[in-house]
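Visitor: sharing a model that was predicted from the sequence below.
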Amino acid sequence: MLNQQDISKRLAYNFANSNLLAQALTHRSFSAQNNERLEFLGDGALNFIIAHQLYKRFPTIAEGDLSRLRAQLVKESTLCEIAISLELGNALKLGEGELKTAGWRRPSILADAVEALIGAVYLDGGYAAAEALVAHLFINKLDTIDPKVIDKDPKSLLQELLQGKKMAVPEYTVTNLGGEAHAQVFIVECYIEKLNIRTVGEGTSRRIAEQQAALLALEKLKK
């Protein structure tokens with residue numbers, strides 16, 4: 001388990017009010033004092049901050065394309081990926097039911113926690129602190145997002161990239177299926193044989209897990 005100090009270091013932010021951080025990491029299944037309201041606030045702050053960042057970075061792009069770029073950056077799968085990079089699941093306070101169904105790996109819970117943290121930082125340090133946190137968490141995605149490939153999912157992008165290099169399409173294999181019937185968690189491996197690249201994604205459906213694995217493979221190819 002990660003403690004609050006570990007998370008603060010990964011966020012590159014020190015809370016004046018540590019209770020806000022504790023609340024942001026608390027799921028509704030654990031306590032009535034949970035992160036739902038912070039998640040609501042963080043969602044609004046995140047959307048505005050990302051909109052502002054895109055507005056500055058792409059001065060010639062039309063409003064509709066800016067909206068699609070923003071949607072690509074603030075969607076659940078992107079937030080979930082950020083949560084996984086922070087190992088946020090290891091710091092969440094979950095009720096017994098969620099623990100039994102591996103709630104710490106559920107994309108919706110992880111994505112909500114990221115938004116709750118943004119909301120907590122906004123209340124603790126104001127807009128500038130929240131903006132700095134979003135820049136810290138999203139810097140790689142903001143630097144690499146391509147307006148020309150808006151709306152294309154990671155699997156499609158990966159397939160097009162490999163086919164352009166005369167390579168075979170990736171192989172996707174379900175390596176594990178856990179959780180209860182109503183809350184299954186799929187673990188999928190993406191394997192690119194010619195490049196010997198293996199990535200692992202997870203999600204509440206095979207499709208979500210495959211998309212996450214493909215996204216990780218794309219990031220490896222860009223390095």
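Guide: Here it is on my side, so go on.
Visitor: number of residues surrounding Glu39?
Guide: 21 (other C-beta atoms under 10 Å). All C-beta atoms are positioned from the backbone trio N, CA, C, and that covers glycine.
Visitor: backbone dihedrals for it, please?
Guide: Main-chain dihedrals, Glu39, degrees, to the nearest 10: phi -60, psi -40.
Visitor: close enough to count as contact, it and Asp112?
Guide: Yes - in terms of C-beta atoms under 8 Å, Glu39 counts as a neighbour of Asp112; the distance is 4.6 Å.
Visitor: got the domain ranges for the chain?
Guide: Domains of the chain are assigned by automatic domain parsing as 4-147, 154-222.
Visitor: which of these has the lowest mean pLDDT?
Guide: Lowest mean pLDDT within these: domain 154-222, at a mean of 90.
Visitor: now do the same end-to-end measure for it.
Guide: 13 Å (C-alpha to C-alpha, to the nearest Å).
Visitor: how about stretch 136-152?
Guide: 25 Å.
Visitor: tell me the contacts of the residue of the chain most remote from its centre?
Guide: No residue in the chain sits farther from the centre than Lys166, which is 30.9 Å out by C-alpha atoms, centre = their mean. Residues near Lys166 by C-beta atoms under 8 Å, 6 or more residues apart in numbering: none.
Visitor: please, which helix or strand holds the residue most central in space within the chain?
Guide: Centroid check for the chain by C-alpha atoms, centre = their mean gives Leu79 as the closest residue, at 2.1 Å. Using DSSP states H and E, Leu79 falls within helix 76-85.
Visitor: show me which positions of that helix end up buried.
Guide: 76-84 (16 or more other C-beta atoms under 10 Å).
Visitor: what about Gly215, helix or strand, and which?
Guide: No Gly there; residue 215 is Leu. Per DSSP H and E, Leu215 falls inside helix 206-222.
Visitor: which other residues reach that helix?
Guide: 77, 80-81, 107, 144, 153-155, 157-158, 161, 170, 172, 174, 186-190, 192, 195, 197, 199-203.
Visitor: mind saving the C-alpha coords of the helix holding Leu79 as CSV?
Guide: Provided in CSV are the C-alpha atoms of helix 76-85 (Å, rounded to 0.1, in the frame of the first residue of the first chain):
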residue,chain,number,x,y,z
GLU,A,76,-12.0,7.5,-18.6
SER,A,77,-9.3,5.4,-20.3
THR,A,78,-6.8,8.3,-20.3
LEU,A,79,-7.5,9.1,-16.7
CYS,A,80,-7.2,5.4,-15.8
GLU,A,81,-3.8,5.2,-17.5
ILE,A,82,-2.6,8.2,-15.4
ALA,A,83,-3.9,6.6,-12.2
ILE,A,84,-2.0,3.4,-13.1
SER,A,85,1.2,5.3,-13.7
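Visitor: return the distance of the following helix or strand past that helix from the chain's centre.
Guide: Of the helices and strands lying after helix 76-85 in sequence (DSSP H and E), the nearest is helix 96-100. Relative to the chain's own centre, helix 96-100 is displaced by 22 Å; criterion: C-alpha atoms, centre = their mean, to the nearest Å.
Visitor: swap in stretch 148-158?
Guide: Distance, stretch centre to chain centre, for stretch 148-158: 17 Å (C-alpha atoms, centre = their mean).
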